[in-house]
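*Asks:* This is the structure alone, sequence omitted:
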């Protein structure tokens with residue numbers, strides 16, 4: 001700390017302030033007598049600012065929790081969109097195109113596709129599986145005893161339509177049957193769409209218009 005000796009007389013004191021943590025030696029000797037030098041060694045320990053440390057750890061914990069919740073929320077949204085029974089509107093065309101590209105190299109014969117389609121149609125008519133809004137292609141494949149890959153090939157290559165269009169065609173037909181039976185006099189459109197297997201009123205209107213070219217209300221007016 002000192003480049004030169006400091007001179008003290010009698011009971012004079014030498015004080016040092018704000019020394020950094022570390023090891024030091026204090027040298028003391030009589031003026032002009034190097035042989036009288038004595039050395040006192042001491043160490044200043046590093047102290048921890050616990051309040052500041054705790055605040056820092058809390059800030060890191062809160063930030064980490066916020067990032068984790070945000071990531072989990074995004075994953076949940078993606079999962080909900082990808083697993084909806086009637087298919088997301090925004091990504092429908094992209095999904096359908098991707099599926100067609102994916103199964104171009106798959107080899108399922110026309111005869112196999114015809115047999116698979118016959119069993120599938122029978123399953124849909126007898127069990128009315130389409131009324132389940134959470135129905136997935138994997139569920140149908142398991143019931144039929146075929147792989148989801150083969151069933152996807154049936155839709156995208158053999159039928160040239162998406163799985164969602166296939167299932168929603170049955171749902172729209174079910175709605176028409178309800179209307180013919182006077183269902184609109186007893187139920188609301190929302191209730192009937194749920195009975196047919198649609199997961200929401202918006203999805204029902206969107207797919208009905210896509211498959212028939214008119215809205216459900218317009219169809220009801222035509223039947224009158």
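*Replies:* Nice, thanks for sending it over. These numbers come from a predicted model, not from an experiment.

*Asks:* what are the ranges of the strands in the chain?
*Replies:* With DSSP state E as the criterion, the chain has strands at 22-30, 33-44.

*Asks:* ok and the shortest one relative to strand 33-44, angle-wise?
*Replies:* Here the directions of strand 22-30 and strand 33-44 differ by 160 degrees (axes from the mean of the first three to the mean of the last three CA atoms, to 10 degrees).

*Asks:* quick one: low-confidence parts of this structure?
*Replies:* 11, 78-107 (pLDDT under 70).

*Asks:* residue nearest the centroid of it?
*Replies:* For the chain, residue 75 is the residue whose C-alpha lies nearest the centre (CA atoms, centre = their mean; 0.7 Å).

*Asks:* in this protein, which spans are helices?
*Replies:* Taking DSSP state H as the criterion, the chain contains helices spanning 50-83, 92-102, 110-127, 137-144, 148-153, 163-180, 189-196, 201-212, 216-223.

*Asks:* quick one: contacts for residue 37?
*Replies:* 27-29 (CB atoms under 8 Å, 6 or more residues apart in numbering). Using the backbone N, CA and C atoms, a C-beta is placed for each residue, glycine as well.

*Asks:* Backbone dihedrals for the spatially most distant residue from the centre of the chain, please?
*Replies:* Using CA atoms, centre = their mean, the residue of the chain lying farthest from its centre is residue 32. It sits 80.6 Å away. Per-residue torsions, residue 32: phi 80, psi 10 (degrees, to the nearest 10).

*Asks:* what's the spacing between it and residue 5?
*Replies:* 11 Å (CB to CB, to the nearest Å).

*Asks:* From residue 118, how far out is residue 204?
*Replies:* Taking CB to CB, one finds residue 204 at 28 Å from residue 118.

*Asks:* before we move on, back to that, would you mind putting the contacts of residue 37 into JSON lines with neighbour count alongside?
*Replies:* Shown next, in JSON lines, are the contacts of residue 37 (neighbours: other CB atoms under 10 Å):
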{"residue": "27", "neighbour count": "10"}
{"residue": "28", "neighbour count": "12"}
{"residue": "29", "neighbour count": "13"}
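
*Asks:* from the residues you listed, which single one is nearest residue 44?
*Replies:* residue 27 (17.1 Å; CB to CB).

*Asks:* Who is that closest one paired with across the strands?
*Replies:* Under DSSP bridges, the beta-bridge partners of residue 27 are residue 39.

*Asks:* which residues does it contact?
*Replies:* Per CB under 8 Å, 6+ apart, neighbours of residue 27: 37-39.

*Asks:* residues near residue 137, how many?
*Replies:* Neighbourhood size, residue 137 [other CB atoms under 10 Å]: 18.

*Asks:* Is it in contact with residue 163, as I believe?
*Replies:* Yes - judged on CB atoms under 8 Å, residue 137 makes contact with residue 163 at a distance of 4.9 Å.

*Asks:* So for these two, which residues contact both of them?
*Replies:* 151-152, 155.

*Asks:* ranking the residues you listed by neighbours, who comes first?
*Replies:* Neighbour-wise, the shared contacts of residue 137 and residue 163 (other CB under 10 Å) top out at residue 155, 24 neighbours.
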